[in-house]
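Colleague: What would the 3D arrangement of this be:
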Amino acid sequence: MWLNDLWFIVFVIVIAGYLIFDGFDMGVGILHLLVARTDQERRTLLNSIGPVWDGNEVWLILGGGALFAAFPMVYAALFSGFYSAMMLVLLVMILRTCAIEFRSKRPGRIWRSLWDAFFSLTSFSLAALLGVAFGNIITGVPLDAEGNVRVTLIELLTPYSLLVGAATVSMLTMHGAFFLTVKTQGKLHDRIRRAVPPLMLSTVVLMGLVVVVTLLTRQHLFDRYQADIWPFIFPLGAIAALTAAWRWSRRGRDLLAFIASGAAVGLILVTAAVGVFPNLLISSLNPAYNLTIYNAASASNTLSVMLIIAVIGMPLVLLYTAAVYYIFRGKTELDRRSY
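Modeller: Residues are numbered from 1 along each chain as shown. The predicted structure is shown next:
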């Protein structure tokens, strides 16, 4: 059983890594048309994530691989029942990549404005879709006894999932703003700095609404918090990280504020993961149909072999990530090779 628990922890860490690293990419995209006024400023925003955005998406690939290897029944249920939503996410990610790569290939104003719009729209859509998907996962989907999910894309757009989607968009936009304060300078930096307080306020308000609605309508997600005291370290840690981000931002310590923002994003995800544990996919039809880390896991031999691979591979991913961020540290500067 300890292997199942360990793989749940690994999966949560990988997904948290994706939200932290690719999350600020999405936030930069959402802010692209809101804070950057000139072509020079928009190129600056694009090049702030230019060296790292594709590497950040490796975390999503790791998450999908971990889910497929460790919990294949959940992988099958999600990709069959959420097929339309998954294809929409894939389309958005492809268009977002095209926007980043194609935008500066031609100097025309219409050409660049078109791809600027695509970059912002797809970044917003990706963040919203991820939030809506997560809202459905924690609230429950029509999962039957055979592990099949039959739901349309429209049926996924419930009021609760849309609220979680809005909170996710606000949180990642805030995270992106903190990142941009590290990478920009001058008037653009000052403009982004002024956007941080309202973004933090909207995030706190929307996250608070999610907590209240969850308490009123989905009390089962708080069972573990009622049973033990130790899980409270995660929500309290998220609050402390947001507070630290606010204080450091006001003092002009942008890098520390960004790190604290990332910690808050990760701890918010862990807070939700503790609430659903040991469930991975909750059935809205019958709790007996829930897919958990025990009834949906691979054989112990598979989990053991995959753990060895993870122990070897994860340090390489972390080393690559650290190296890229170290090499491209500092303020973003444009040259002829820039986007």
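Colleague: In the stretch 151-300 of the chain, what residue spans correspond to helices?
Modeller: Applying DSSP state H, counting those that start in this stretch to the stretch 151-300 of the chain gives helices spanning 159-183, 186-217, 223-227, 233-250, 254-276, 300-327.
Colleague: The longest one vs helix 233-250, what angle?
Modeller: This points to helix 186-217. In terms of direction (axes from the mean of the first three to the mean of the last three Cα atoms, to 10 degrees), helix 186-217 departs from helix 233-250 by 160 degrees.
Colleague: Show me what helix 186-217 is packed up against.
Modeller: Counting by 3 or more Cβ pairs under 8 Å, 6 or more residues apart in numbering; DSSP states H and E, the packing neighbours recorded for helix 186-217 are helix 2-35, helix 159-183, helix 233-250. Where you see a C-beta, it was placed from the backbone N, CA and C, and this is true even at glycine.
Colleague: do you know which of these lies nearest Ala296?
Modeller: For the helices and strands packed on helix 186-217, proximity to Ala296 was assessed by Cβ to Cβ; helix 2-35 is nearest, at 9.3 Å.
Colleague: Name the residues of that closest one that come out as buried.
Modeller: Going by neighbour count (16 or more other Cβ atoms under 10 Å), the buried part of helix 2-35 is 3-4, 7-8, 10-33, 35.
Colleague: ditto for stretch 133-147
Modeller: For stretch 133-147, a neighbour-count test (16+ other Cβ under 10 Å) marks 133-141, 143, 147 as buried.
Colleague: Stretch 182-192 now?
Modeller: Buried residues in stretch 182-192, defined by neighbour count with 16+ other Cβ under 10 Å: 182-184, 188-189, 191-192.
Colleague: which one of the helices of the stretch 151-300 of the chain lies closest to Ser120?
Modeller: With Cβ to Cβ as the criterion, Ser120 lies closest to helix 159-183 of the helices of the stretch 151-300 of the chain, at 10.8 Å.
Colleague: what distance separates that closest one from the centre of its chain?
Modeller: Taking Cα atoms, centre = their mean, to the nearest Å, the mean C-alpha location of helix 159-183 is offset from the chain mean by 9 Å.
Colleague: Measure how it sits relative to helix 2-35, angle-wise.
Modeller: 70 degrees.
Colleague: quick one: average pLDDT of helix 159-183?
Modeller: Here helix 159-183 scores 96 as its mean pLDDT.
Colleague: That helix - contacts with which helices or strands?
Modeller: helix 2-35, helix 39-49, helix 109-139, helix 186-217, helix 233-250, helix 254-276.
Colleague: Let me have these in CSV, extended by distance to Arg329.
Modeller: Listed next are these as CSV, based on distance: least, Cβ to Cβ, whole Å:
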stretch, distance to Arg329
helix 2-35, 15
helix 39-49, 12
helix 109-139, 23
helix 186-217, 16
helix 233-250, 18
helix 254-276, 9
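Colleague: got CSV for the ones you listed, with mean pLDDT too?
Modeller: Output for the helices and strands packed on helix 159-183, formatted as CSV (pLDDT from 0 to 100):
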stretch, mean pLDDT
helix 2-35, 94
helix 39-49, 93
helix 109-139, 93
helix 186-217, 94
helix 233-250, 95
helix 254-276, 95
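Colleague: nearest to Pro72, of those?
Modeller: helix 2-35 (11.8 Å).
Colleague: Quick one: distance of that closest one to the chain centre.
Modeller: So, by Cα atoms, centre = their mean, the centroid of helix 2-35 is 4 Å from its chain's centroid.
Colleague: re earlier: can you tell me which of the buried residues of stretch 133-147 is nearest Trp248?
Modeller: For these, the nearest to Trp248 is Phe134 (27.7 Å; Cβ to Cβ).
Colleague: out of everything not next to it in sequence, what's closest to the closest one?
Modeller: Val164 (6.0 Å; Cβ to Cβ, 6 or more residues apart in numbering).
Colleague: Please tell me I have it right and the one you found contacts Gly135.
Modeller: Yes. Counting by Cβ atoms under 8 Å, Val164 does reach Gly135; the two are 3.3 Å apart.
Colleague: From Leu143, how far out is Ile49?
Modeller: Taking Cβ to Cβ, to the nearest Å as the measure, Ile49 and Leu143 are separated by 36 Å.
Colleague: Equivalent analysis for Leu45, please.
Modeller: Taking Cβ to Cβ, one finds Leu45 at 41 Å from Leu143.
Colleague: ditto for Phe124
Modeller: 29 Å.
Colleague: any idea how far the residue in the chain sticking out farthest from the centre lies from Leu114?
Modeller: Using Cα atoms, centre = their mean, the residue of the chain lying farthest from its centre is Gly108. It sits 33.2 Å away. Distance, Gly108 to Leu114, using Cβ to Cβ: 9 Å.
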